[in-house]
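K.L.:
I need the structure of the sequence given here:
(2 chains, ligands or ions: 2)
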Amino acid sequence: MNVAAAGMAPGGGVPVISVKNVTVRFGGIVALDGVEFDIHDGEILGLIGPNGAGKTTLFNCLSRLYTPNEGDVQLHGKTILDQPAHRIAGMGIGRTFQNVASFSNLSVRDNIRVGAHSASKSDPVSDALRLPWVRKGGEAIDANVNELIGWLELEDVADLPVAGLPFGTQKRVELARALATDPKLLLLDEPAGGLNHDEVHELGSLIRKVRDERGVTVLLVEHHMALVMSVSDRVVVMNFGRKIAEGTPEEVQKNPEVVAAYLGGGDA
Amino acid sequence: MATSEENMTGGPAIPRAAAASAKKSGSSLGTIVLAVLVIGAVILPFASKNFFIFQMTQVMVYAIAILGLNLLTGINGQFSLGHGAFYAVGAYTAAILMEMQGVPYGWTIPIAGVLCFVAGFLFGLPALRLEGVYLALATFALAVATPQLLKLSPFEHWTGGVQGIVIIKPDAPFGLDAVLNPDQWLYFFTLVIGLFLYWLARNIVGSRTGRALMAIRDNPIAARSMGVNTAVYKATAFGISAMFTGVAGCLGAIVIQFVAPDSFTFALSVALLVGLVIGGVGWLPGALLGALFIVFIPNVAEDISKGLAGAFYGFFLIAVIYLAPQGAGGLIRSGLARVKRML
Ligand SMILES: Nc1ncnc2c1ncn2[C@@H]1O[C@H](COP(=O)(O)OP(=O)(O)OP(=O)(O)O)[C@@H](O)[C@H]1O
Ligand SMILES: [Mg+2]
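P.N.:
Residues are numbered from 1 along each chain as shown, chains lettered A, B, ... in the order given. Ligands and ions are numbered 1, 2, ... in the order given. Alright, predicted model coming up:
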């Protein structure tokens, strides 16, 4: 850890997320080995590392799909490890998946509506009887969903099933769905994967817009270096389950250990 | 985001309006079809023989049962080879309450519904640990065990053992018996309950609950990450599904006027599954077409050849699956799409 700035909040205060000494093992494989870093309010934090470095595993710890063998994950200073996975969205952590994980038989609109699940309420009996307050709740969801459809320019495909849509569009639907959870922190797992040059460029400004216009803190996992380096305020670098560097994009790019890892020689 | 709703008013109005009107024209066609069907259904018992009325009542009963199975399998993605068990619980609820406790038949329906919801929910909880073929096996066990449990001597006092229970056919109430014979009355009674249950099913599928169920079907991990408590919803889906099928069993018992363990063998569960697949998995109106198939096609097969009825039934089944691999629902939808493209 050669970056002194690690853990210093730009704006001060309690970090949005503290990853503390997180270790995850799968049988003999150590996917995460004592990983530690903070995400601060309003920043875009890039998380990079070669294939198999443990980035997705870390995401899965943050969204409680995995439970770390050791360590803690804290949201605003409080552990989330005592919460089940389905509470995480409601606590303000939204996510997308590395390989799109759409509800493929549902329309774009319904995919995004599912994103609003934890931000709304209903029960099966009232839903079945279509009680008046359920209809009201549905209208509130739809207002939110329509706003996101407009914001992400999905109007033309809004009522089509997701299954047949181009990959790039599906990724935008996933982003809209994650934003519908009304997150304070958004986890993006390789959002540029499978996108063409122009789309990647657009994605960069979109990620910044998500932060600037919606006040969402972003943790971005990405292999597309130009994208990460251009949008991130800070970057965390992982290799073989360990954090090997942390700092501004410039600092990280100059770091010899990072250079070594990306040239394929570094397992220091 | 506090501002998101305020932003709405300035949102893109045109595409949304277009989408809404497209949706409306689709659903208005559905409403027309439903209206025609309901009118036909109301005329039918005045233009048919009692036996045919009785058969059509049975079709509606099975349609309700298949509708329940569809909510579980088609909407939530969980398999069941054991829905005959919930049908049986509904049927015996009607028989025991009516014949032993003197409960009016109308009351046995909500009671059977609640009872089967609880039974389904409780079965659904341990079933959470099972997926795909394993869930199919567990529900298969349920279907196989049910007739034998119904025959057990400790329960014989209630269930009538192997003999079963005979139910007295109810007459039409409120002086309606002057216009409607009992077959006609039970037909309308079943029709009204069936329409109500169909309305409930439609509402569920179009609601936040329904979307959660379908999200679990399509991608359980993503559903969980969007805040869907998958365990509760899956068990609830089992409960709702069992409730529909149980109400069908209850109605079926009243219509057939008899329950016995051997009416509720594994064959019943398979018949419901056949009806589901024929009608179209995940397409609610398909339940009616599936029910028509399982009520009438065995008779047609038998008319062709008494000795080879099973073989002919199998032949029809394969033919339908071959011609409409997505069931009647898939066929109708692709037909509609073709018509739309031509216009
Ligand atoms: N569920 C699992 N079971 C067993 N091993 C796993 C599991 N998930 C991840 N791993 C292993 O953990 C290590 C880290 O994987 P992970 O998917 O987190 O890497 P990544 O940094 O996201 O890689 P990529 O850039 O290719 O997406 C790999 O060796 C992987 O094989
Ligand atoms: Mg990954």
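
K.L.:
Pick out the residue of the stretch 101-250 of chain B closest to ligand 1.
P.N.:
Closest to ligand 1 within the stretch 101-250 of chain B is B:Ile221: 11.3 Å, counting by C-beta to the nearest ligand atom. (C-beta placed from N, C-alpha, C; glycine too.)

K.L.:
So which elements touch the strand or helix carrying that residue?
P.N.:
Here B:Ile221, judged by DSSP states H and E, is contained in helix B:220-225. Applying 3 or more C-beta pairs under 8 Å, 6 or more residues apart in numbering or on different chains; DSSP states H and E, one finds that helix B:220-225 contacts helix A:85-88, helix B:208-218, helix B:230-256.

K.L.:
The shortest one close to chain B?
P.N.:
Yes. Counting by C-beta under 8 Å from any C-beta of the partner chain, contacts between helix A:85-88 and chain B involve A:85-88.

K.L.:
Using TSV, lay out those residues together with pLDDT.
P.N.:
TSV is the format used below for those (pLDDT from 0 to 100):
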residue	pLDDT
A:Ala85	94
A:His86	94
A:Arg87	94
A:Ile88	95
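
K.L.:
Name the member of those residues with the most neighbours.
P.N.:
Highest neighbour count within the residues of helix A:85-88 next to chain B, by other C-beta atoms under 10 Å in any protein chain shown: A:Ile88, with 26 neighbours.

K.L.:
Tell me who's in contact with it.
P.N.:
Taking C-beta atoms under 8 Å, 6 or more residues apart in numbering or on different chains, we find A:Ile88 in contact with A:62-64, A:80, B:225, B:227.

K.L.:
Which residue ranges of chain A form helices?
P.N.:
A:55-62, A:85-88, A:108-115, A:124-129, A:132-151, A:167-180, A:197-214, A:225-231, A:249-254, A:256-263 (DSSP state H).

K.L.:
just checking, what packs against the fourth one?
P.N.:
Packing contacts for helix A:124-129, counted by 3+ C-beta pairs under 8 Å, 6+ apart, involve helix A:132-151, helix B:182-205, helix B:208-218, helix B:230-256.

K.L.:
Identify, out of the ones you listed, the most deeply packed stretch.
P.N.:
The highest average neighbour count among these, using mean count of other C-beta atoms under 10 Å in any protein chain shown, belongs to helix B:230-256 at a mean of 27.

K.L.:
Average pLDDT for it, rounded please.
P.N.:
For helix B:230-256, the mean pLDDT works out to 93.

K.L.:
and that helix with helix B:182-205, angle?
P.N.:
Counting by axes from the mean of the first three to the mean of the last three C-alpha atoms, to 10 degrees, helix B:230-256 points 170 degrees away from the direction of helix B:182-205.

K.L.:
And chain A, is helix B:230-256 touching that?
P.N.:
Yes. Helix B:230-256 reaches chain A (C-beta under 8 Å from any C-beta) through B:230, B:236, B:240.

K.L.:
If you count contacts, what does that helix end up packed against?
P.N.:
Using 3+ C-beta pairs under 8 Å, 6+ apart, helix B:230-256 sits against helix A:124-129, helix B:50-70, helix B:83-100, helix B:105-127, helix B:182-205, helix B:208-218, helix B:220-225.

K.L.:
what separates the third one from the chain centre, distance-wise?
P.N.:
What separates the centre of helix B:83-100 from the centre of its chain is 16 Å, taken as C-alpha atoms, centre = their mean, to the nearest Å.

K.L.:
and B:Val270, what is it in contact with?
P.N.:
Per C-beta under 8 Å, 6+ apart, neighbours of B:Val270: B:Leu81.

K.L.:
The helix or strand containing it: what's the following helix or strand?
P.N.:
With secondary structure defined by DSSP H and E, B:Val270 is part of helix B:266-279. Counting by DSSP H and E, the element after helix B:266-279 in chain order, helix or strand, is helix B:286-304.

K.L.:
Tell me the buried residues in that following helix?
P.N.:
Neighbour-count burial for helix B:286-304, counted by 16 or more other C-beta atoms under 10 Å in any protein chain shown, picks out B:286-295, B:297-298, B:301.

K.L.:
Tell me what angle that helix forms with helix B:266-279.
P.N.:
Orientation note: helix B:286-304 sits at an angle of 110 degrees relative to helix B:266-279 (the same axes, to 10 degrees).

K.L.:
send the alpha carbons of the next helix or strand along the chain from helix B:286-304 over as CSV?
P.N.:
Later in the chain than helix B:286-304, the nearest helix or strand by DSSP H and E is helix B:309-323. Extracted C-alpha coordinates of helix B:309-323, given in CSV (Å, rounded to 0.1, in the frame of the first residue of the first chain):
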residue,chain,number,x,y,z
ALA,B,309,-58.1,-44.8,-26.1
GLY,B,310,-54.8,-44.1,-24.2
ALA,B,311,-52.8,-44.4,-27.4
PHE,B,312,-55.1,-42.0,-29.2
TYR,B,313,-55.0,-39.5,-26.3
GLY,B,314,-51.2,-39.7,-26.5
PHE,B,315,-51.4,-39.1,-30.2
PHE,B,316,-53.5,-36.0,-29.8
LEU,B,317,-51.2,-34.7,-27.1
ILE,B,318,-48.1,-35.1,-29.2
ALA,B,319,-49.9,-33.6,-32.2
VAL,B,320,-50.8,-30.5,-30.2
ILE,B,321,-47.3,-30.1,-28.8
TYR,B,322,-45.8,-30.6,-32.2
LEU,B,323,-48.1,-28.0,-33.9
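
K.L.:
which residues are in contact with helix B:309-323?
P.N.:
B:274, B:277-278, B:293, B:297-298, B:300-302, B:304-305, B:331.

K.L.:
can you dump the C-alpha coordinates of the next helix or strand after it into PDB?
P.N.:
Next in sequence after helix B:309-323, counting helices and strands by DSSP H and E, comes helix B:327-342. Taking Å, rounded to 0.1, in the frame of the first residue of the first chain, the C-alpha atoms of helix B:327-342 are listed here in PDB:
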ATOM      1  CA  GLY B 327     -49.300 -24.300 -26.300                       C
ATOM      2  CA  ALA B 328     -52.400 -22.600 -27.500                       C
ATOM      3  CA  GLY B 329     -51.100 -19.400 -26.000                       C
ATOM      4  CA  GLY B 330     -48.100 -19.400 -28.200                       C
ATOM      5  CA  LEU B 331     -50.100 -20.200 -31.300                       C
ATOM      6  CA  ILE B 332     -52.600 -17.500 -30.700                       C
ATOM      7  CA  ARG B 333     -49.900 -14.900 -29.900                       C
ATOM      8  CA  SER B 334     -47.900 -15.700 -33.000                       C
ATOM      9  CA  GLY B 335     -51.100 -15.700 -35.100                       C
ATOM     10  CA  LEU B 336     -51.900 -12.200 -33.700                       C
ATOM     11  CA  ALA B 337     -48.400 -11.000 -34.500                       C
ATOM     12  CA  ARG B 338     -48.800 -12.200 -38.100                       C
ATOM     13  CA  VAL B 339     -52.100 -10.500 -38.500                       C
ATOM     14  CA  LYS B 340     -50.600  -7.300 -37.100                       C
ATOM     15  CA  ARG B 341     -47.700  -7.500 -39.500                       C
ATOM     16  CA  MET B 342     -50.100  -7.900 -42.500                       C
END
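
K.L.:
Give me the buried stretch members for helix B:327-342, please.
P.N.:
B:327-332.

K.L.:
residues contacting the residue of the stretch 101-250 of chain B closest to ligand 1?
P.N.:
Applying C-beta under 8 Å, 6+ apart, the residues near B:Ile221 are A:65, A:101.

K.L.:
Please report the distance of it from A:His86.
P.N.:
B:Ile221 is 11 Å from A:His86, where distance means C-beta to C-beta, to the nearest Å.
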